[in-house]
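> Can you look at this prediction? I've put the sequence above it.
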Amino acid sequence: LYLAQIFSEETDEDHGLTLAEIAQRLSRLDINAERKTLYQDFEELRRFGMDICTNQEGKSFRYFLGSRTFQLPELKLLVDAVQSSRFITEQKSRELIKKLETLTSRSNANQLQRQVLIAGRIKTMNESIYYNVDGLHTAIAKERQIQFRYFRWGPDKTMILRHNGELYTVSPWHLCWDDENYYLVAYDSVSGRIKHYRVDKMKNITITDLPRDGAETMEHLDLTIYTRRLFGMFGGEPIRVTLEGDDDMINVLIDRFGDEIPLSRKDGDRVETRVDVAVSPQFLGWVASFGGKLTVTSPPSVKEQMRTLARKLSEQYE
């Protein structure tokens, strides 16, 4: 076991140990190991599944652990994903990265530390989200309803409970990650509707003994389409909207709605598509952010909302 630990922590393809060095490390642990014994131990570890390899350097041989469950490039990707995720706090990011470092040698772990330094991104203030996600997965697996309180941030960064602090009771069905935030997609039995909640704004989540509702409604839910319709996960009934934009908007449209959207050529270098979206202030702002390169051409009700937004913005900056 100690030999396996030595190989895992101290060796990789660029850092091997000689038999003498291995015996020296075992001696520090009050374990006497002769050359013949080490050879037998190497074979035992290989039969167990460890990739014990050998490199010859002149007259000496160095032994190291070759393939691992995670290779260094894979660990770098995971570290960067953890570090860049807004819903994981700085403290929890450091804890997770430390654990990822144990999956490679100490030399390679230093490279993972250098990988962390590229970050400096905005992180969530709510440490409880890490445990909220785990609790919600448990509730979904047990098919039980949950209760929780929902809050928003006040001007002084204090939590202000919504609905006067009353408990929300819903049936959890899906967890999805959109725009670097975790959301719970749930069924509300009182309203008979599908609703969604930012997980980092949920408090005091408890799993009840009540069986989960909404199976028939959720059976017909296409989660991919649902999340695409809800820009920034804000509510609103889906409406078929026609968008027209320059050719360089094609990539933007496909990134947002998927490559199955219909595209047709308009006059000049313009294209048109029709998509179902929840028309919210976030959607209108998204369209406006392209400065005229993308416009709403129908229905008239959404065009009027765009005009109203444009007038308000113009008045604010007069």
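Yes, it's here. Numbers count the residues shown, from 1 in each chain.
> so what's the residue nearest to residue 306 when sequence neighbours are not counted up against?
Closest residue in space to residue 306, ignoring its immediate chain neighbours: residue 296 at 5.3 Å, by CB to CB, 6 or more residues apart in numbering. Every C-beta, even on glycine, is put in place using the N, C-alpha and C of the backbone. With contact set as CB atoms under 8 Å, 6 or more residues apart in numbering, residue 296 has these partners: 241, 242, 243, 287, 302, 303, 306.
> how much space is there between the closest residue to residue 53 other than its chain neighbours and residue 48?
Using CB to CB, 6+ apart and skipping the chain neighbours, the partner closest in space to residue 53 is residue 66 (4.2 Å). Distance of residue 66 to residue 48, given as CB to CB, to the nearest Å: 14 Å.
> Please say which of the two ends up with more neighbours.
The residue with more neighbours, out of residue 66 and residue 48, is residue 66; 13 against 9, by other CB atoms under 10 Å.
> Read off the pLDDT value for the more buried one.
Here the pLDDT value assigned to residue 66 is 93.
> close enough to count as contact, it and residue 11?
No: in terms of CB atoms under 8 Å, residue 66 does not count as a neighbour of residue 11; the distance is 9.2 Å.
> Residue 207 versus the residue nearest to residue 306, what's the distance?
43 Å.
> now swap in residue 150 and tell me
17 Å.
> for residue 305, same thing?
40 Å.
> Same question for residue 113.
38 Å.
> The two: which is more packed in?
Higher neighbour count among residue 113 and residue 207: residue 207, with 16 against 12, using other CB under 10 Å.
> was I right about the more buried one contacting residue 141?
No: here residue 207 lies out of contact with residue 141, judged by CB under 8 Å, at a distance of 10.2 Å.
> How about residue 195: which residues does it bridge to?
Beta-bridge pairing for residue 195 (DSSP bridges): residue 186.
> and it, what does it touch?
Contacts of residue 195 by CB under 8 Å, 6+ apart are 170, 185, 186, 187, 188, 235.
> which among those residues end up buried?
For the contacts of residue 195, a burial check counting by 16 or more other CB atoms under 10 Å picks out 170, 185, 186, 187.
> So which other helices or strands are in contact with the one helix or strand the first one maps to?
Read that as residue 170. In this assignment (DSSP states H and E), residue 170 forms part of strand 168-178. On a contact count with 3 or more CB pairs under 8 Å, 6 or more residues apart in numbering; DSSP states H and E, strand 168-178 meets helix 129-142, strand 144-153, strand 181-188, strand 193-198, helix 223-229.
> quick one: residue 110 from residue 101, how far?
Taking CB to CB, one finds residue 110 at 9 Å from residue 101.
> quick one, which of the two is more surrounded?
The residue with more neighbours, out of residue 110 and residue 101, is residue 101; 18 against 12, by other CB under 10 Å.
> Leaving out chain neighbours, which residue sits closest to that one?
residue 109 (3.9 Å).
> What's the per-residue pLDDT of the one you found here?
On pLDDT, residue 109 comes in at 88.
> excluding its backbone neighbours, what's nearest residue 266?
residue 272 (5.1 Å).
> Please identify the buried residues of the helix or strand hosting that neighbour?
Using DSSP H and E, residue 272 maps to strand 270-278. Across strand 270-278, burial judged by 16+ other CB under 10 Å covers 271, 272, 273, 275, 277, 278.
> go on, stretch 136-147?
Applying 16+ other CB under 10 Å to stretch 136-147 flags 136, 139, 140, 144, 145, 146 as buried.
> now for the residues you listed, which pair is the farthest apart?
136 and 145 (11.8 Å; CB to CB).
> Quick check: chain neighbours aside, which residue is closest to residue 86?
Per CB to CB, 6+ apart, closest to residue 86 is residue 180, 4.4 Å.
> Would you check that that neighbour makes contact with residue 198?
No: Residue 180 is not in contact with residue 198 according to CB under 8 Å; the separation is 11.4 Å.
> SS state for residue 61?
Recorded secondary structure, residue 61: strand (DSSP: H, G, I helix; E, B strand; the rest coil).
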